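1. Could you look at this predicted model? Sequence included:
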2 protein chains.
Amino acid sequence: MNHIAHAEIDRTPPKHDAAWTIGIAARPSQDAPVAGAREAHFAARETLCEEGARADHIVIIAQGAVMLSKLLPDGRRQIIELLGAGDVFGLSNTALYDTTAESLTPVRAFQYERRVYENSPELQRTVSQKMTSQLCAMHDHAMLLGRKTAAERVASFLMGLIPNRGGHGCNGPDAKADTRHVAIPMTRQEIADYLGLTLETVSRAFSQLKKDGILQAPRHDEIVVTNVCRLCHLTGTL
Amino acid sequence: MNHIAHAEIDRTPPKHDAAWTIGIAARPSQDAPVAGAREAHFAARETLCEEGARADHIVIIAQGAVMLSKLLPDGRRQIIELLGAGDVFGLSNTALYDTTAESLTPVRAFQYERRVYENSPELQRTVSQKMTSQLCAMHDHAMLLGRKTAAERVASFLMGLIPNRGGHGCNGPDAKADTRHVAIPMTRQEIADYLGLTLETVSRAFSQLKKDGILQAPRHDEIVVTNVCRLCHLTGTL
DNA sequence: AGATCGGATTGATCCTGATCAAACCTACGC
DNA sequence: GCGTAGGTTTGATCAGGATCAATCCGATCT
């Protein structure tokens, strides 16, 4: 098996504008690829690289969403990071990938061989900036996993999906309607594995938010947040 | 208050060789400072920078241990990362520090103004490598926080403190005596805040490990692991 | 030595979220 | 249409860790 598999482009037309985005990365990255890039396309739900495999490429996502996960020997899974356009993965200080990467949506990405990366200051500079962001995001996520309640975790997760919010801040300049449509290209199990909960707990939290009139769910992979402010207060982050 | 306070060097002689180290970073970093460095010294338990303050410096630790933490508005704290010699902090994608940094031991460090950092490819290269390691460490910690039991968290924490183990791998080349002395320059509350537990739970886990004959505790800030293999198996990581 | 103070340990009880167990949708295939 | 299969929701019960509450221990000070 090749670690970075080549795949057909999934040409299924997206049903909603926001369908293939995660969080802040609402739009395809503008960044032109640095020299040495190989463009690759993946369908949704492909494994782009596997924990423990030889880490010979780094990948910059141009479009789409990717999740990084790790497994414990007994099968417990933690989804470590959700990545969107502009984000990087495949970096490792060892010879092996430390996480598995799977596409949540169709993905367009640029791959670079590790040697290319190590010899391109320009690429390193780009990657370095992204890593800084991702490190900060991991800091926030550590807070979520270590100290937030189930309800706060789910609220934080949903806030993170609302574009132009960065997950926080209640009254942005675009708070006009106080209503947001969000596509969630993840199963309840995946959300649970991301938030350190069980799928039942996630489901119950969603139900509670519906009952409280904070969101509606026309489909289970799509929600409408009808009260962003209330939701934001539930994150525990203020 | 200046965000990176200057401080007297704490000249208290360390009681044990390993007393001022965290995990892998058992020795002072060999790296010579890059141009533009300002050397700084801190005593134990100083605040080196504060969450929310203007992020005008990045810091590379030459010697000693530092913890990064975040607070929720209601006072819940999560200790995000433990840093040792060679590690970097103060990077942020915003204008503000996203975490508070406090010294756990006396610390010697090199500070760089943000402008210096942004104009030094050499420094960026150094920092970039370190960030890769720290990102991987955060991945492991996310797994710990999201999916491990209390006992596994404490075992993982202790394994991470044993030098030349990197936290994992049971039979390294140096497993001669299968016994390790570890200094823990943290209170139970701090360990709890790092592991996403309460101090009582941490205390109980330590007591259990003592009862099981896996470790001894001559002092509460110092332990002797008498069975590294057993401890390693308890981490859940294999 | 005795008093004091911060941190650690231990015990009893409570509660959040996990686990076990049915239904219940929704999309697909025949 | 009916049947099947994933994934989801909901309910009942359980348990791991949190919380509340005493001690306990070891430093430091007088």
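-> Nice, I can see it. Numbers count the residues shown, from 1 in each chain, chains lettered A, B, ... in the order given.

2. and stretch A:143-159, is it in reach of DNA strand D?
-> No: applying Cβ under 7 Å from any atom of the strand, one finds stretch A:143-159 separated from DNA strand D by no less than 8.9 Å. C-beta: built from backbone N, CA, C; applies to glycine.

3. Quote the end-to-end distance of that stretch.
-> The straight-line separation of the ends of stretch A:143-159 (Cα to Cα, to the nearest Å) is 15 Å.

4. following the least confident helix or strand in chain A by mean pLDDT, which helix or strand comes up?
-> For chain A, using mean pLDDT, DSSP states H and E, the weakest element among its helices and strands is strand A:180-183, scoring a mean of 90. Using DSSP states H and E, the helix or strand that follows strand A:180-183 in sequence is helix A:188-195.

5. Three-state assignment for A:Val34, please.
-> Put simply, A:Val34 is coil when judged by DSSP: H, G, I helix; E, B strand; the rest coil.

6. check which helix or strand covers the closest residue to it other than its chain neighbours.
-> Leaving aside its chain neighbours, A:Val34 sits nearest to A:Leu123 (4.5 Å; criterion: Cβ to Cβ, 6 or more residues apart in numbering or on different chains). Element membership for A:Leu123, per DSSP H and E: helix A:121-147.

7. Any residue of that helix touching DNA strand C?
-> No: Helix A:121-147 stays clear of DNA strand C (Cβ under 7 Å from any atom of the strand), getting no nearer than 10.1 Å.

8. how big is the angle separating that helix from helix A:188-195?
-> Interaxial angle of helix A:121-147 relative to helix A:188-195 (axes from the mean of the first three to the mean of the last three Cα atoms, to 10 degrees): 100 degrees.

9. circling back: so who does the residue nearest to A:Val34 touch?
-> A:Leu123 sits next to A:34, A:36, A:112, A:116-117 when contact means Cβ atoms under 8 Å, 6 or more residues apart in numbering or on different chains.

10. Equivalent analysis for A:Leu209, please.
-> Contacts of A:Leu209 (Cβ under 8 Å, 6+ apart): A:154-155, A:158, A:215, A:231, A:234.

11. picking up where we left off before, please compute how far the helix holding A:Leu123 lies from its chain's middle.
-> Between the centre of helix A:121-147 and the centre of its chain there are 12 Å (Cα atoms, centre = their mean, to the nearest Å).

12. Quick check: next helix or strand after that helix?
-> Next helix or strand after helix A:121-147 toward the C-terminus (DSSP H and E): helix A:150-161.

13. what does that next one rub up against?
-> Outside helix A:150-161, the residues that reach it (Cβ under 8 Å, 6+ apart) are A:22-23, A:82, A:144-145, A:148, A:165-168, A:182, A:184, A:191, A:194-197, A:201-202, A:205-206, A:208-209, A:215, A:223, A:225, A:228, A:231-232, A:234-237.

14. Can you flag which of those residues belong to strands?
-> Among the contacts of helix A:150-161, the members falling in strands are A:82, A:182, A:215, A:223, A:225 (criterion: DSSP state E).
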